[in-house]
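Enquirer: I would like the atomic coordinates for the input below:
(one chain, ligands or ions: 1)
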Amino acid sequence: MSEFDIIKKTKFPNTIHTIKRDLRKMGLKEGDIVLVHSSMSRIGWVCGDELTVVQALLEVVGEEGTIVMPAHTGGNTNPDDWSHPPVPDTWREPIRLTMPSFDVKNTPTRGMGKIAECFRNYEGTVRSNHPQVSFCANGKYKNEIVEKHDLSYALGMNTPLGKLYELNAKVLLLGVGYSNCTCMHVAETLVNKPNMIKNGASININGERQWVWFDDIDYNSDCFDEIGLLYEKKSNDVIYGNVGGANCRVLNLKNIVNFTKDFLEENNNLNLQFQNCDIEDENKIYLKIKNKLEMYEDTDKIEYDKVLNWKKDNIENNINKYTKIVCNGRDVGYYSIKEENNKVEIENFFIDEEFQNRGFGKKALNHCIEKIKEKNIPMVYSYLFTKDERQIELYTKCGFTVREVIGDSRCVMAKKIDNNC
Ligand SMILES: CC(C)(COP(=O)(O)OP(=O)(O)OC[C@H]1O[C@@H](n2cnc3c(N)ncnc32)[C@H](O)[C@@H]1OP(=O)(O)O)[C@@H](O)C(=O)NCCC(=O)NCCS
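Expert: Down below sits the predicted model:
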């Protein structure tokens, strides 16, 4: 949003006094230790820009308190995992070979917002030494908080987040939602058998830039909004309020981490079943396909009725190629596998909206890939809508990459099948 639009939307300028007043109304006080995630534009126009917000936060917690903010540097990550946007396969090795190493003093934050970047540069602020997910702190406990930051399990207990857990810190979500509530990732490190990935970053070792590989959890915030809302229903912990026009929440870090852990454990124990589809599924599948077409295809540019009829016939003639995804007796979604001329495609992969954000998509897609492995073919393909970002992200997480963009609305994603593992 442009500053001009923000001014138009703001009734009265937000000042250091109004911001301090708003923060105090949400129970923030001297001596508090607060992890802040923020969006400047949500506040409305602020007199003195982001520096005003940083100063207001520091003044509210005072000398006995501590403010902490994420200083993540998402650019210094393995380009194989980039999906917003992805880069061509041929760029990946050159990126790994030349990415500047993390520099605790100079590497700017990425995607954390103006307030977090201003805080990083604020006098007296210190920063933890992690190439991807560092945190900045200022105030009484700043050194203890940033002191340790393990390379692996980078959002686990042996990091600033773990220290904040021990210190019984608060979290302030200033104009942002639970998907930005980084401490919830700690819970992922505490559950049994988390999904692991090979991560990589450029690090300075004895004065030399090096690309270093390390194992870490495949962190996933997809279900954080759902967990957060459930937490609000079940606990009295969340204080709502506003800073200017920004909707805010203040909550206890330890409590939300523990709640998230319980949720994930319960969810991990939910097993998916996969059943062959029959005639009763045909109409449900048809409606899902129609819905996707309406969402992502320019239906004026195609012979829409003809396409729909063709889809209907195709489902009826191939219902034996469809699989139903089921959890605890409830239908979660569908997919089909098409095999033609030694080419295998995953088609019509759906997870019902009600079951999204729970990791079911990834489980089901991986199950589908395992089934394809039995066919002993080298590659699996899928045609997706380019605007279906959610689906593209899911396929990327399961190792697919975009191979080709077709026309205005579709792309081909593909994955090599490693039949040895
Ligand atoms: C991505 C994110 C930072 C974007 O929020 P945003 O409000 O659009 O961006 P910023 O906070 O950087 O604020 C910049 C905007 O403030 C607005 N702005 C400029 N001057 C302003 C003023 N005086 N007063 C108020 N707003 C102003 C402008 O719209 C500016 O956008 P521009 O730089 O494109 O012109 C936010 O959505 C977010 O995700 N924050 C949390 C990040 C986080 O903690 N992540 C944790 C790991 S998941």
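Enquirer: domains of the protein?
Expert: Split into domains by automatic domain parsing, the chain comes to 3-267, 270-416.
Enquirer: Can you tell me which of these is most buried?
Expert: The highest mean neighbour count among the domains of the chain, using mean count of other CB atoms under 10 Å, belongs to domain 3-267: a mean of 18. From N, CA and C alone the C-beta is placed, and that goes for glycine too.
Enquirer: what about that one, start to end distance?
Expert: Domain 3-267 has an end-to-end distance of 43 Å (CA to CA, to the nearest Å).
Enquirer: now swap in stretch 179-187 and tell me
Expert: Stretch 179-187 has an end-to-end distance of 14 Å (criterion: CA to CA).
Enquirer: before we move on, what about stretch 354-367?
Expert: One end of stretch 354-367 to the other measures 20 Å (CA to CA).
Enquirer: Where among the domains of the chain is average confidence lowest?
Expert: Lowest mean pLDDT of the domains of the chain: domain 270-416, a mean of 91.
Enquirer: That one: how far from the chain's middle?
Expert: With CA atoms, centre = their mean, to the nearest Å as the basis, domain 270-416 stands 22 Å off its chain's centre.
Enquirer: picking that back up, closest one to the ligand among the domains of the chain?
Expert: Counting by CB to the nearest ligand atom, the ligand lies closest to domain 3-267 out of these; the figure is 2.9 Å.
Enquirer: Residues contacting the helix or strand residue 52 falls within, please?
Expert: Residue 52 is located in helix 49-61, with elements delineated by DSSP states H and E. Identification of contacts with helix 49-61 by CB atoms under 8 Å, 6 or more residues apart in numbering yields 14-16, 19-20, 23-24, 28-34, 36, 38, 40, 43, 46, 48, 67, 114-115, 117-119, 122, 138-139, 174, 243.
Enquirer: can you do 6 Å?
Expert: Outside helix 49-61, the residues that touch it by CB atoms under 6 Å, 6 or more residues apart in numbering are 16, 19-20, 23, 28, 32, 40, 46, 67, 114-115, 118-119, 122.
Enquirer: any idea of the angle the next helix or strand after that helix forms with helix 49-61?
Expert: Where DSSP H and E defines the elements, the next helix or strand beyond helix 49-61 is strand 66-70. Taking axes from the mean of the first three to the mean of the last three CA atoms, to 10 degrees, one finds strand 66-70 and helix 49-61 inclined to each other by 140 degrees.
Enquirer: Mind checking if the host helix or strand of residue 231 is in reach of the ligand?
Expert: Using DSSP H and E, residue 231 maps to helix 224-234. No. Judged by CB under 6 Å from any ligand atom, helix 224-234 stays clear of the ligand, getting no closer than 9.0 Å.
Enquirer: and that helix, how far out from the chain's middle?
Expert: When C-alpha coordinates are averaged (CA atoms, centre = their mean), helix 224-234 and its chain have centres 16 Å apart.
Enquirer: export that helix as CSV, just CAs?
Expert: Output of helix 224-234 as CSV, limited to C-alpha atoms (Å, rounded to 0.1, in the frame of the first residue of the first chain):
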residue,chain,number,x,y,z
PHE,A,224,-0.6,-22.2,12.5
ASP,A,225,-3.7,-20.0,11.7
GLU,A,226,-6.0,-22.9,12.5
ILE,A,227,-4.0,-23.8,15.7
GLY,A,228,-4.1,-20.2,16.8
LEU,A,229,-7.8,-19.9,16.4
LEU,A,230,-8.3,-23.1,18.3
TYR,A,231,-6.0,-21.8,21.0
GLU,A,232,-8.1,-18.7,21.3
LYS,A,233,-11.3,-20.7,21.7
LYS,A,234,-9.8,-23.0,24.4
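Enquirer: Can the helix or strand following that helix be said to contact the ligand?
Expert: Using DSSP H and E, the helix or strand that follows helix 224-234 in sequence is strand 239-243. No. Using CB under 6 Å from any ligand atom, strand 239-243 stays clear of the ligand, coming no nearer than 10.9 Å.
Enquirer: what does whatever helix or strand comes next after strand 239-243 contact?
Expert: As assigned by DSSP H and E, the chain's next helix or strand after strand 239-243 is strand 246-252. Here strand 246-252 makes contact (CB under 6 Å, 6+ apart) with 26-27, 42-43, 170-175, 237-241.
Enquirer: Restrict strand 246-252 to CA atoms and write it as CSV.
Expert: Output of strand 246-252 as CSV, limited to C-alpha atoms (Å, rounded to 0.1, in the frame of the first residue of the first chain):
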residue,chain,number,x,y,z
ALA,A,246,-3.6,-2.7,13.3
ASN,A,247,-5.3,-5.7,14.9
CYS,A,248,-3.0,-7.1,17.5
ARG,A,249,-2.8,-10.0,19.8
VAL,A,250,-0.6,-10.5,22.9
LEU,A,251,-0.1,-14.1,24.1
ASN,A,252,2.2,-16.2,26.3
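Enquirer: Report the distance from that strand to the chain centre.
Expert: Relative to its parent chain, strand 246-252 has a centroid offset of 19 Å by CA atoms, centre = their mean.
Enquirer: quick check: angle from it to helix 224-234?
Expert: Using the same axes, to 10 degrees: strand 246-252 against helix 224-234 is 70 degrees.
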